[in-house]
Structure formats: structure tokens, C-alpha cells
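A.B. asks: Provided below for reference: sequence and predicted model.
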Amino acid sequence: MAKTKKTKKSKLKNKFHKLEMFLVLGIAVAIVGLLMVFSSMTNNNVTGKAFSYTGCTELPCLFNNVPIDHYQGFSYKGVLYKFKIKDLDKTNKRMKYEITTMEIDETEGKPDLAISHVDEELDDPYLNLDITIENIGDKNVYEAFKVTLKTLDEDDDVWKSTYKYVEGLDQDDEYILEMSIKYDNNYYDDSGKVPYEIYIDPADNIDESDETNNDEDDYYS
């Protein structure tokens, strides 16, 4: 008797999960179709080489200017979904689409973001940097990650701070991020130096194989 109750409960649970998944994907795709036709909202998409990750974690997800035959992804309740529009008829407001969950290999490695090179240029009152960021790990980074840049004063305290986001980075790929920030003119006049600090993913949102190579402390002289 106990075995029968357990089987029924399992079936009901699986049925509920399937209904919830169809509801999630149905709402997301419907929103995509509407915004393709009525493209009047702000584009919040984050584009990487593997596919476009929206950064959406709560429904409804709002997407704009979604290209045809290009995978678009979003996460919901810890599951990564991907879809692509195969054909779009704007006149009749119809579309054909493909949508699935992303398969995650639990045995695969982790990404490893690192700063490999920095080009510096001084243009008073700004320090301009071209920061080369590499993913030297064994996995793509689909999420956007934050990069912060700080200049310091003579006491090594923060003088100015700024940040930008990099839109994901594939394994064995690199990206050159251009950043500009004001520096302490008085300290530069006295010492001839502009100290700065760069941090990749300062909040450690990306699970990496090596977290020790995410920063760069240097100075322009």
C-alpha cells in the first residue's frame, strides 16, 4: 500500500514539473515574439560568442531585437534555458521557434579569468587603459562579469573608481576592455606616477579554477 502512494506522488510531482517548465518557456517565447514586433523597450541583452545570455532570472523576461537563428538564453530556478527564433512573420505576428534546456556536464572544468596585458595612455586628466582579459580555464563564461578600475592617491587610498561589464568570455578566448578614469594630478606632478588597481569579478560571482589571478596592481609612469 505504501509503495502505491509513493508512485502516485512521484507521478504527480513529475507532471507538475513538466507543466511548470512549459509555462516558463511559453511565457518567455511569447514575450520575445511581441518585442520583436513592437521593439520599443530597452535592450538589456548580453552577447557572447557561444550564444546571447539575457541575465534574466525572474519572469517575465523582456528581450528586444532578438536575431533569427541565434541562440538566446536565460536562467530560471537554477536551470539554464536556450531558444532561437527560426522564422519570423512580422506582418502576421507569427514565429517558429526552438527551445530546450542547456545540458550541463557536471564533470567539466571551470573557467579561469585572468589579466594578460595592459596598455596605458595618459590624457590629462584621464588614465586610459586597454585591458586584455583571457579565459584560460576549461569552460565558457556565459554570464556578464564586472571589471573595476581604481586610481590611488599618495596614501594608497582610492582616488577614483569606475567599472564596466564584459559580456561573457569563451574558453581560450580573449577580450580587450577599454577603460578610462581620472587620476590625482598633484600626486602625479610630485612623483611622476599614477598607481591603479584592476579587479575582475570582484564579488566572485564566477566560479573559477583560480581566483588569485583576477587582479592587477600597477602604476603608470
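C.D. replies: Here it is on my side, so go on.
A.B. asks: right, and Val158 touches Leu149 too?
C.D. replies: No: the pair formed by Val158 and Leu149 falls short of the contact definition of CB atoms under 8 Å, at 10.7 Å. (Glycine included, C-beta is placed from N, CA and C.)
A.B. asks: And these two? Which one has more around it.
C.D. replies: Here Val158 and Leu149 are compared on neighbour count by other CB atoms under 10 Å; more neighbours surround Leu149, at 21 against 10.
A.B. asks: right, and that one touches Pro202 too?
C.D. replies: No: using CB under 8 Å, Leu149 makes no contact with Pro202, being 10.7 Å away.
A.B. asks: how about Pro111, phi and psi?
C.D. replies: As for Pro111, its main-chain torsions (degrees, to the nearest 10) stand at phi -70, psi 170.
A.B. asks: Tell me how many other residues crowd it.
C.D. replies: The burial metric for Pro111, expressed as a neighbour count using other CB under 10 Å, is 24.
A.B. asks: How much space separates it from Ile200?
C.D. replies: In this structure, Pro111 and Ile200 are 11 Å apart, going by CB to CB, to the nearest Å.
A.B. asks: same deal with Val158?
C.D. replies: Applying CB to CB, one obtains 17 Å for the distance of Val158 from Ile200.
A.B. asks: now swap in Tyr187 and tell me
C.D. replies: Distance from Tyr187 to Ile200, counting by CB to CB: 25 Å.
A.B. asks: Looking at those two, which has the bigger crowd around it?
C.D. replies: Just comparing Tyr187 and Ile200: by other CB under 10 Å the higher neighbour count belongs to Ile200, 23 against 18.
A.B. asks: show me the contacts for the nearest residue to that one once chain neighbours are set aside.
C.D. replies: Beyond its immediate neighbours in the sequence, the residue positioned closest to Ile200 (CB to CB, 6 or more residues apart in numbering) is Asn214, lying 4.2 Å away. Residues touching Asn214, when contacts are defined by CB atoms under 8 Å, 6 or more residues apart in numbering, comprise 113-115, 199-202, 208.
A.B. asks: Please apply the same query to Ser191.
C.D. replies: Glu154.
A.B. asks: phi, psi of it?
C.D. replies: Here the main-chain torsion angles of Ser191 (degrees, to the nearest 10) amount to phi -110, psi -20.
A.B. asks: Are any of the contacts of Asn214 buried, and if so which?
C.D. replies: In the contacts of Asn214, burial by neighbour count holds for 113-115, 199-201, 208, counting by 16 or more other CB atoms under 10 Å.
A.B. asks: Look up the closest residue to Asp112, ignoring the ones flanking it.
C.D. replies: Distance criterion CB to CB, 6+ apart; nearest residue to Asp112, sequence neighbours excluded, is Gly137 at 3.2 Å.
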